[in-house]
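*Asks:* predicted model and sequence below, questions to follow.
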Amino acid sequence: MNTSNRFKLSFMMFLEFFIWGAWFVTLGTFLFGTYKATGTQVGTAFLTQSFGAILAPFIVGIIADRYFPAQRIFAVLHIIGALLLWFAGQAATFEGFFPLILIYMILFMPTLALANSIAFRQMTNTEKEFPPIRILGTAGWIIAGLLISYLAWDSQDSGQLGNTFKMAAIASMILGLFSFTLPSTPPMKKGEKISVGEILGLDALRLLKNRSYLIFFISSIAICIPLAFYYNFTNAFLTEVGVAAPTAVQSLGQVSEFLFMLVMPFLFVRFGVKKMLAFGMLAWVLRYVFFAYGNADAGYWMLIGGVVLHGICYDFFFVTGQIYTDNLAGDRFKSAAQGMITLATYGVGMLIGSLISGPIVDNYLNSDGTHSWQNIWLIPAAIAAIVVLLFIVFFRDRNQKQAILES
């Protein structure tokens, strides 16, 4: 890959995750503070991510694989998204906010798969070339979190978290315009006859004929149920228990992610797919246990430890899963396959997690307005423990070299 394309893809990843991290991390705190939302309403707001992820395979697998260059679709989605984010941050009520963020997430979630697809199409060795580029996405998320705390938008009762949407909107417009300069990523199946299965995006489902990939796919759905607790309520949890600059503290998870991303090419070769995925899921169990028993005083180290474990949780599971999927999918269906794994994780798994996490948080609401966080965090810890045990027992990495979808 030439230097120009490496820079462009790195900048693309930086802005992609800066945009997401600029408002998503503090969404729960924003809703609790601005609209006095319930836990169920917070969960409903995070459901928009799942709706977007469920539609992603159709947008990416059908349109990007067949009709238009991926970088142009990517650009248009971000330009429209910039306008939606700007107005969402100014909504006066939850009822006015929700439809704007719903439409936005339906447009944003496909860009995650598109970004991966654009990057993968320029590479010859994804295990070595992808992590150094993807790591700039982690840097973008970190900087967004640090900015929010530096500007004190996340301080208790500041009332300024609406500014995070404006910041994300500006970044989204910049990325949308910049994306027209990205390396050309034309559709792989342009001009081919369209079957009903292809229209519905079912080609990538052939991956599930591989028993190992089927176990991975099911595990991806199941492990994202407890993940919803982390994304939806960690910032509000840290704020409520009295952690200073909670968004900056939470960005330590991305610092950890950044560091582990640097060594992923070596770890991938050393441990292989199964151990990488299992280590990632085990870290999730430990993270929630730390949250359950940590506090802002003597147990502060546990809160920090739980946040820092995010690097292993995310890199070892999600990035390994993306590479695993890419290796099995084959050139002609890379976009559809990446869209499908987005559907499994951020779609179905996070949808279930958001549906159950909100009512659980409401169930442990105390009379003084605080929450019994220990009881809350032990629930996702138990779910993650069950998933990782089943994965270790049933998953077999058969090290297939030939892409399934090309067979």
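*Replies:* Great, that's in hand. Note that the coordinates shown come from a computational prediction; the quantities given were computed from them, not determined experimentally.
*Asks:* dump the residue contacts of the residue nearest the centre of the chain.
*Replies:* When CA atoms, centre = their mean is applied to the chain, the residue found nearest the centroid is residue 346 (6.5 Å). Contact analysis of residue 346 by CB atoms under 8 Å, 6 or more residues apart in numbering lists 49-50, 52-53, 56, 109, 112, 224. Placement of C-beta: from N, CA and C, glycine included.
*Asks:* checking it next. Helix, strand or coil?
*Replies:* helix (DSSP: H, G, I helix; E, B strand; the rest coil).
*Asks:* which one of the contacts of residue 346 is nearest to residue 244?
*Replies:* Nearest to residue 244 out of the contacts of residue 346 is residue 49 (CB to CB; 27.9 Å).
*Asks:* my guess is the closest one contacts residue 110, does it?
*Replies:* No. Applying CB atoms under 8 Å, one finds residue 49 not in contact with residue 110, separated by 11.9 Å.
*Asks:* show me which residues of stretch 85-96 are buried.
*Replies:* Applying a neighbour-count criterion of 16 or more other CB atoms under 10 Å, one finds 85-86, 88-89, 91, 94 buried in stretch 85-96.
*Asks:* ok, stretch 263-273 next?
*Replies:* Of the residues in stretch 263-273, 264-265, 267-268, 273 count as buried by neighbour count, 16+ other CB under 10 Å.
*Asks:* if we can go back for a sec, find the pair from the buried residues of stretch 85-96 with maximum spatial separation.
*Replies:* Top of the distance list for the buried residues of stretch 85-96 (CB to CB): 86 and 94, 17.8 Å.
*Asks:* returning to that earlier point: list buried residues within the contacts of residue 346.
*Replies:* 49-50, 52-53, 56, 109, 112, 224.
*Asks:* need these in a markdown table with pLDDT, can you?
*Replies:* A markdown table is the format used below for the buried ones among the contacts of residue 346 (pLDDT from 0 to 100):
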| residue | pLDDT |
| --- | --- |
| 49 | 88 |
| 50 | 88 |
| 52 | 85 |
| 53 | 79 |
| 56 | 72 |
| 109 | 87 |
| 112 | 87 |
| 224 | 91 |
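*Asks:* just give me the closest of those to residue 182.
*Replies:* residue 112 (15.2 Å).
*Asks:* residue boundaries of the helices in the stretch 201-350 of the chain?
*Replies:* 211-240, 246-250, 252-293, 300-308, 310-314, 320-329, 334-342, 350-363 (DSSP state H, counting those that start in this stretch).
*Asks:* any weak-confidence spans in the protein?
*Replies:* Applying pLDDT under 70 to the chain picks out residues 57, 59-66, 156-158, 188-203, 330-335, 339, 398-407.
*Asks:* okay, now residue 7: neighbour count?
*Replies:* 12 (other CB atoms under 10 Å).
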